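> Below: sequence and its predicted model.
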Number of protein chains: 2
Amino acid sequence: MSQPTPDETLLGLLAVQAKHGYQLLACFHDSDELGRVWKLSTSQLYAVLKRLAGQGLIVGRAVETTQAPARTEYELTPAGHKRLQAWLYEPSPSASIRRVRVEFLSRLYVARLLNLPTVAIVRAQKAACWREYETRLAERDRSAPGVGFLALELHIAQLAAVLQWIDRCEMSPEED
Amino acid sequence: MSQPTPDETLLGLLAVQAKHGYQLLACFHDSDELGRVWKLSTSQLYAVLKRLAGQGLIVGRAVETTQAPARTEYELTPAGHKRLQAWLYEPSPSASIRRVRVEFLSRLYVARLLNLPTVAIVRAQKAACWREYETRLAERDRSAPGVGFLALELHIAQLAAVLQWIDRCEMSPEED
DNA sequence: TGTAATCTATTCCATGATAGAATAGCGGCC
DNA sequence: GGCCGCTATTCTATCATGGAATAGATTACA
């Protein structure tokens, strides 16, 4: 699957504090933040939790309450913390437009949540997009007209827009 | 599923001339044209053909040859032609970036193949993107800072890039 | 001439994503 | 009391997807 998955973003949310599924789901309903980036259905979220647990990145423990049905709280394992760090500071992030929108912004969100530096994240993403931009520009020169050429030009225009936009991400939210 | 499907593009290819699966597959290998827009696996293509046949949009007939294994050639039914026309001149196409790249360019490709006018297609797409652009701009004004806001700004920048790019699609390929 | 590789053409299968309903306990409201 | 709605999770059916399997025909070449 080449689609971005919310797995590491969930790790990030759990790194702040142990949570159960329903609580995590609520984090994605906030339409000003993560809700604009990810659309997660209930079953999808629980499927991801199961996958992460299967990979040994999180562990769940049942919590009994009198207030509500039994819940399972998940927290990061050491492997989970390691994976989260590796994902946050991935040295060559994807330059795909979709992944920039979804994965890069999730990295930024998680890093801010955890009070970690964001400069390296933005810089790595910017570099990756520049490389892609140069590659596509070169490709355009040896491309024949037709819809394939138009697709290439659109891609180049999208990358240029990302490069103009990404500098604004270097500022912390308070400086906006 | 909100992902664009190659269904109508296949209808367009079949509208030019009846073809069998393997031939259709070859159309997507051309890296200067459709191949840049769609990535179709073998099984995916045959699955789409089955779906289209199930909907009565195409009919297949077995063709025996001594040159090669038996093949099934598909051609459009009247319902298929109707569906193709409706798709080509869809009055309110999606303004999603992905759909512009994939669906709009496919419309353009098919219309050019069939020597049909493309002006209406481009105009409809442009109008849809403008509406989306205005909507998002208004939304930005009443949005709080954070990654949600950054996502919104990226989206706006992407739409602006599309609007700048789309005018080049009004020209026929010879005029490029 | 044998056989290996490649091309044509399609089907099959296992896995995984996804939507939506189902389940189920509890609290509040009228 | 009875119903609605909230918390919390699981289940199920469907569908997409990648990749291998099948299988006939042609070319390559020793």
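Good, I have the coordinates.
> Quick check, central residue of chain A?
Nearest to the mean C-alpha position of chain A, by CA atoms, centre = their mean, lies residue A:103 at 2.7 Å.
> Mind pulling up the pLDDT for that residue?
Looking at residue A:103, its pLDDT is 96.
> what helix or strand does the residue in chain A that DNA strand C sits nearest to sit in?
Residue nearest to DNA strand C within chain A: residue A:43 (2.9 Å; CB to the nearest atom of the strand). For the C-beta atoms, the positions are set from N, CA and C on the backbone; glycine is no exception. Assignment of secondary structure by DSSP states H and E places residue A:43 within helix A:42-54.
> returning to that earlier point: the residue of chain A closest to DNA strand C: how many residues sit nearby?
A count of neighbours around residue A:43, defined by other CB atoms under 10 Å in any protein chain shown, yields 8.
> how near is it to chain B?
Taking CB to the nearest CB, to the nearest Å as the measure, residue A:43 falls 15 Å from chain B.
> what about the longest helix anywhere in chain A, distance to the chain center?
Ordering each helix of chain A by length in residues (DSSP state H) puts helix A:119-141 first. Relative to its parent chain, helix A:119-141 has a centroid offset of 18 Å by CA atoms, centre = their mean, to the nearest Å.
> Can you tell me which helices and strands the helix or strand following that helix packs against?
Using DSSP H and E, the helix or strand that follows helix A:119-141 in sequence is helix A:147-166. Helices and strands touching helix A:147-166, as assessed by 3 or more CB pairs under 8 Å, 6 or more residues apart in numbering or on different chains; DSSP states H and E, comprise helix A:97-99, helix A:119-141, helix B:105-113, helix B:147-166.
> Pull out the buried residues from helix A:147-166.
A:147-162, A:165-166 (16 or more other CB atoms under 10 Å in any protein chain shown).
> hmm, back to that, check the gap between the residue nearest to the centre of chain A and residue B:147 for me.
In this view, residue A:103 and residue B:147 are 12 Å apart by CB to CB, to the nearest Å.
> go on, residue A:75?
24 Å.
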